[in-house]
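K.L.:
what follows is a protein structure lacking sequence information:
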């Protein structure tokens, strides 16, 4: 990736590729449940990068024939192929979401933590973007501002000079990311980190909850955010946690 006037560095790794794969697999499993009326779906992830993925499907009204987002995982080279198998097995959606959340926290902290002090001193923000094909980039922004490119991302995260309260613009960007099938975003500083990530399909109720939170932060009312942190949720399928 060639730098322009602002610094941009490629930070693609096996971890960013796994996050992207989990994103597509989760979306694919949810699409199959909705399209084929399956009672449960489990996934056996590839033992090595680019190899076969197995999806177990049980209680389906019709046995799956199309892979939806799994086809994208093949196109991106994240898996070589996939196979549907009747019955139960593999990891369920709850476990897949948990694994994705664990990897996101690790990647956000390992890549962005070294830039939090620089951000605090200069107020220039930095952003990590993990694309849905597994590629990842670290972008340099401006004073108190960094803008996510118009791309399909699995995860975005950025630094703040102080605190980790998302801005109204941050929440607008998160809503756009979730509409595109992404997993979530984070804000991190020298003081704290905050992660909002979904653990189910992004619903109208989730959109309403995020929009209300955005409106409250626009009015500098942080009480709804504090309440969300106490409950661990912004909406029905949106988890909010502090990154330690």
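P.N.:
That came through, no problem. These figures come from a predicted structure and were not determined experimentally.
K.L.:
tell me where this structure has strands.
P.N.:
Here the chain has its strands, by DSSP state E, at 8-10, 40-44, 52-58, 81-86, 124-131, 136-143, 153-159, 184-188, 193-198, 233-235, 238-243.
K.L.:
what stretches of the protein score poorly on pLDDT?
P.N.:
1-6, 143-150 (pLDDT under 70).
K.L.:
what's the domain layout of it?
P.N.:
8-12+96-243, 14-92 (automatic domain parsing).
K.L.:
run a quick neighbour tally on the residue nearest to residue 108 when sequence neighbours are not counted.
P.N.:
Nearest residue to residue 108 in three dimensions, chain neighbours excluded: residue 157, at 4.4 Å (C-beta to C-beta, 6 or more residues apart in numbering). Every residue, glycine included, has its C-beta placed from N, CA and C. Neighbourhood size, residue 157 [other C-beta atoms under 10 Å]: 25.
K.L.:
ok, residue 157 touching residue 189?
P.N.:
No - taking C-beta atoms under 8 Å as the definition, residue 157 is not a contact partner of residue 189, at 11.5 Å.
K.L.:
which ones are touching residue 81?
P.N.:
52, 53, 74 (C-beta atoms under 8 Å, 6 or more residues apart in numbering).
K.L.:
which of those has the largest number of neighbours?
P.N.:
Neighbour counts for these (other C-beta under 10 Å) peak at residue 53, which has 23 neighbours.
K.L.:
regarding the protein, what is its longest helix?
P.N.:
Scanning the chain for the helix with the most residues, using DSSP state H, yields helix 93-122.
K.L.:
now do the buried residues in that helix.
P.N.:
93, 96-97, 99-101, 103-105, 107-109, 111-112, 115-116, 118-119 (16 or more other C-beta atoms under 10 Å).
K.L.:
pick out the residue closest to the middle of this structure.
P.N.:
residue 183 (2.6 Å; C-alpha atoms, centre = their mean).
K.L.:
got the contact list for that one?
P.N.:
19, 22, 23, 26, 100, 104, 154, 155, 197, 198.
K.L.:
name the nearest residue to the first one, sequence neighbours excluded.
P.N.:
If I follow you right, that is residue 19. Nearest to residue 19 is residue 103, by C-beta to C-beta, 6+ apart, at 5.1 Å.
K.L.:
before we move on, what about residue 211?
P.N.:
residue 175 is the one closest to residue 211 (C-beta to C-beta, 6+ apart), at 7.4 Å.
K.L.:
got a list of what the residue nearest to residue 199 when sequence neighbours are not counted touches?
P.N.:
The shortest distance from residue 199 to any non-neighbouring residue, by C-beta to C-beta, 6+ apart, is to residue 97 (4.4 Å). Contact analysis of residue 97 by C-beta under 8 Å, 6+ apart lists 26, 198, 199, 200.
K.L.:
burial count for the residue lying closest to residue 41 once chain neighbours are set aside?
P.N.:
Computed as C-beta to C-beta, 6+ apart, the closest residue to residue 41 that is not its neighbour in sequence is residue 29, at 4.5 Å. Applying other C-beta under 10 Å, we find 25 residues neighbouring residue 29.
K.L.:
ok, residue 29 to residue 92 distance?
P.N.:
Plainly put, residue 29 is 9 Å away from residue 92 if you go by C-beta to C-beta, to the nearest Å.
K.L.:
touching both of those two, which residues are there?
P.N.:
With C-beta under 8 Å, 6+ apart as the test, residue 29 and residue 92 both reach residue 41.
K.L.:
could you dump the strands of the chain into JSON lines with distance to residue 212 added?
P.N.:
Shown next, in JSON lines, are the strands of the chain (distance: least, C-beta to C-beta, whole Å):
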{"stretch": "strand 8-10", "distance to residue 212": "34"}
{"stretch": "strand 40-44", "distance to residue 212": "32"}
{"stretch": "strand 52-58", "distance to residue 212": "36"}
{"stretch": "strand 81-86", "distance to residue 212": "39"}
{"stretch": "strand 124-131", "distance to residue 212": "25"}
{"stretch": "strand 136-143", "distance to residue 212": "27"}
{"stretch": "strand 153-159", "distance to residue 212": "21"}
{"stretch": "strand 184-188", "distance to residue 212": "18"}
{"stretch": "strand 193-198", "distance to residue 212": "14"}
{"stretch": "strand 233-235", "distance to residue 212": "9"}
{"stretch": "strand 238-243", "distance to residue 212": "12"}
